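Undergrad: I need the structure of the sequence given here:
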Amino acid sequence: MRVHQDQLQVLLVFAKEDSQSNGFCWACEKAGFRCNVARTPESALESFLDKHHEIIIIDHRHSRYFDAEALCRSIRATNPSENSVIVAVARKPGDREEASVMPLISAGFTRRYIENPNIMACYNELIQLEFGEVRSQFKLRACNSLFTALEQSQEVIEITSEDHVIQYVNPAFESITGYRQREVIGKDLTEMPKSDKNKPDLLDTINYYIKKGKEWQGIYYAKKKNGDSVQQSVKITPVIGQGGKIRHYVSIKRLCNENNKAEKANERVQAEPQIDTQSSKHKDRRKGSLDVRSTTSRASDGSSQRRHSSMARIHSMTIEAPITKVINIINAAQESSPIPVVEALDRVLEILRTTELYSPQLGTKDEDPHTSDLVGGLMTDGLRRLSGNEYIFATKQSHHVPSHLTPISLSDIPPRVAEAMKNEESWDFSILELETATHKRPLTFLGLKIFAQFRVCGFLNCSESTLRSWLQVIEANYHSSNSYHNSTHSADVLHATAYFLSKERVKQSLDQIDEVAALIAATIHDVDHPGRTNSFLCNAGSELAVLYNDIAVLESHHAALAFQLTIRDDKCNIFKNMERTEYRTLRQAIIDMVLATEMTKHFEHVNKFVNSINKPLAALEENGSGNGEEESVNNILNTPENRILVKRMLIKCADVSNPCRPLEQCIEWAGRISEEYFAQTDEEKKQGLPVVMPVFDRNTCSIPKSQISFIDYFITDMFDAWDVFADLPNLMQHLDNNFKYWKGLDDRNLRTLRPPPE
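TA: This is a model prediction of the structure:
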């Protein structure tokens, strides 16, 4: 039996990418190991339970990110970890006294690695692990499989020590002899009752052969517990162990046919020795393999470039759709295929990347009720239960158009408002201060300034007064009574959209019509939002849910109503001077972006973005295409399909960017969305509707837990991918800080937005 597998799997658990994690990534590549990267204990445990890695390397240097010892204990608590080697990466001791490894051993770590990002040092560590602990664990794993086979065998199996003390008997032994395992294990064979049907010198003959390391085979009578004798065909094999000495004897016994008396007379001895003194030796064979999370490069000529750090982040994404695996298998097949096959597979990839095949099979992480409720509330259309108390909304509601439009322009904005908007180009800009300064009308003021910066009026061929009127009409149709989905949220999303549009990679991808579509989509994306989720509207049988067949109800309504409000009055019709074809192109782009904010296709959009844009770009970077690199990048970015993916990802990130805002803004927005969900739960209970998010009960909800779940399930992977593309280190730092804030509250079992005053 083989006790060595072709390609080891390594799990790296590092909260942040740094030189040490990259060192191990590159070392895995050099050694030919598969490598997965996890950023959180939750994703690490999930990945391990899925892959059963042979080596797990956990960053023990930064306790502020996660408790490495607690993670190790969690992994050790699972059955698959029995044969895994877990390494703790520890800080250099410096001038302080060398720390004891006993706490690490107690937590379940196999060994400690003092931080050293040098690739060769990491490689040496991995190779030593492979030929030391890992190989030993493979043998132990093989033993588990062998014992399973023994347990299932219908033949009697008995294993004794070199001193003939019984070490093991299988269930077949119990069935045939009537003895239980506990009755015989640990007993010397000489203590077991003997049948008088055996020849007097038979035992001496058997011992003579097996003590010389020879196998014996023949007929032997065993005495059962009830005193009966049973005839068995027996084969006894000595097992040679360390030092070439006999360490065990394995006896395999099969019942003989009682009617075949000739077997009894024809007892025979097999004199030929069959001594196995050689241990299994296997060459180290490395096969190219494929895994969507693998950071291993597999160029057959050994000249592959060092992997760019972004690849590790892309491949470490924890959300994985079946189509992702298909694309990676095809990519691997292309490496060794003839040109015609490569071209055909390119066409296959092109088709796969433009069809709706990216949605993963959704589950909930760790069966967390907060995550489960968020998924149920945001990513489904609810329980299709119509009742007699249908929720009436929107279609019979007259939408507000201001009777007079305040004559403001960029030239006469009040000083207090201008002061609140002076740093709007910064990500840390506070929309909440602008909300106060504008008496809850931030969208009109911020819209005028941002639309002017992007020369929207020039593109639309409309006047500033028309734009101003349009902004006021749209803002008037946001519900100021909503704690979250109001015009301040719209202005916040507009600000984030403008910020993203200013990033170089985004500007390289999009044309002006895309920028205008993005700004308009951000402005209208939640207009007339009732402060209730799609699931609520579907369960309540609202007229909107009926109108849109329970599919993307609110998003369809936002887009449709925005165009209705725009074209019903020339005073605010910003599209009235556009050429028809260009208008239809712009309209389609706006609608597509608004619909992209609907959460049921969240993972589809993220997966398509990563596979169609991030991974091809990262491949170009790592291959170093030289002079043609810029042209190759443009070829990826400027295809119509990929521009659509960029715009969808942009507005999705802008729409849920609150966890990436400065802490005070993050806390405020968390309170607002929680209040909206609380109000929905209250109304569901009042109307007797299904409660789609039970954890959002204002009397019992833990806001920190809800934020942790939202960040873990929806935010982290999406913003990791967006950051790789657009380069947003400040956002990722805020996200990290905010997550630590919520985790700190949760660790203290606090359910509120803020800790109690000292």
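Undergrad: quick check: T438 touching V417?
TA: Yes. Using C-beta atoms under 8 Å, T438 is in contact with V417, at 5.6 Å. (C-beta placed from N, C-alpha, C; glycine too.)
Undergrad: which one's more surrounded, those two?
TA: Neighbour tally, T438 and V417, criterion other C-beta atoms under 10 Å: the higher count belongs to T438, 23 against 20.
Undergrad: next up, the contacts around the more buried one.
TA: Residues near T438 by C-beta atoms under 8 Å, 6 or more residues apart in numbering: 417, 420, 444-445.
Undergrad: of all those, which comes closest to C72?
TA: Nearest to C72 among the contacts of T438: A420, at 49.3 Å, using C-beta to C-beta.
Undergrad: returning to that earlier point: now compare the contacts of T438 and name the two farthest from each other.
TA: Farthest pair in the contacts of T438, by C-beta to C-beta: A420 and T444, 13.2 Å.
Undergrad: mind checking the end-to-end distance for stretch 37-46?
TA: Stretch 37-46 has an end-to-end distance of 12 Å (C-alpha to C-alpha, to the nearest Å).
Undergrad: still on that earlier bit, shared neighbours, T438 and V417?
TA: F445.
Undergrad: ok, which stretches of this protein are strands?
TA: 9-13, 34-38, 55-59, 85-90, 111-114, 156-161, 166-169, 216-223, 229-240, 246-255 (DSSP state E).
Undergrad: could you dump the ones you listed into TSV with mean pLDDT, distance to Q181 and mean neighbour count added?
TA: TSV is the format used below for these (pLDDT from 0 to 100; distance: least, C-beta to C-beta, whole Å; neighbours: other C-beta atoms under 10 Å):
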stretch	mean pLDDT	distance to Q181	mean neighbour count
strand 9-13	93	35	27
strand 34-38	93	40	26
strand 55-59	94	34	25
strand 85-90	93	31	23
strand 111-114	92	35	16
strand 156-161	91	11	19
strand 166-169	90	6	19
strand 216-223	88	16	20
strand 229-240	90	18	18
strand 246-255	89	15	17
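Undergrad: nearest to V342, of these?
TA: Short answer: strand 34-38, nearest of those by C-beta to C-beta, at 24.0 Å.
Undergrad: which secondary structure elements does that closest one contact?
TA: Judged by 3 or more C-beta pairs under 8 Å, 6 or more residues apart in numbering; DSSP states H and E, the packing partners of strand 34-38 are strand 9-13, helix 19-31, helix 41-51, helix 309-315.
Undergrad: quick one: the second one to chain centroid distance?
TA: Between the centre of helix 19-31 and the centre of its host chain there is 21 Å, according to C-alpha atoms, centre = their mean, to the nearest Å.
Undergrad: pLDDT (mean, whole number) over that helix?
TA: What helix 19-31 shows for mean pLDDT is 91.
Undergrad: try stretch 130-142
TA: Mean pLDDT, stretch 130-142: 77.
Undergrad: buried set for it?
TA: By 16 or more other C-beta atoms under 10 Å, the buried positions in stretch 130-142 come out as 130, 133-134, 137-138, 141-142.
Undergrad: redo those as CSV? Include distance to W742.
TA: What follows is the buried residues of stretch 130-142, written out as CSV (distance: C-beta to C-beta, whole Å):
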residue, distance to W742
E130, 40
E133, 38
V134, 38
Q137, 38
F138, 41
R141, 40
A142, 45
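Undergrad: the helices in the stretch 551-700 of the chain, which residues?
TA: 553-567, 580-596, 602-609, 615-623, 629-637, 640-655, 663-687 (DSSP state H, counting those that start in this stretch).
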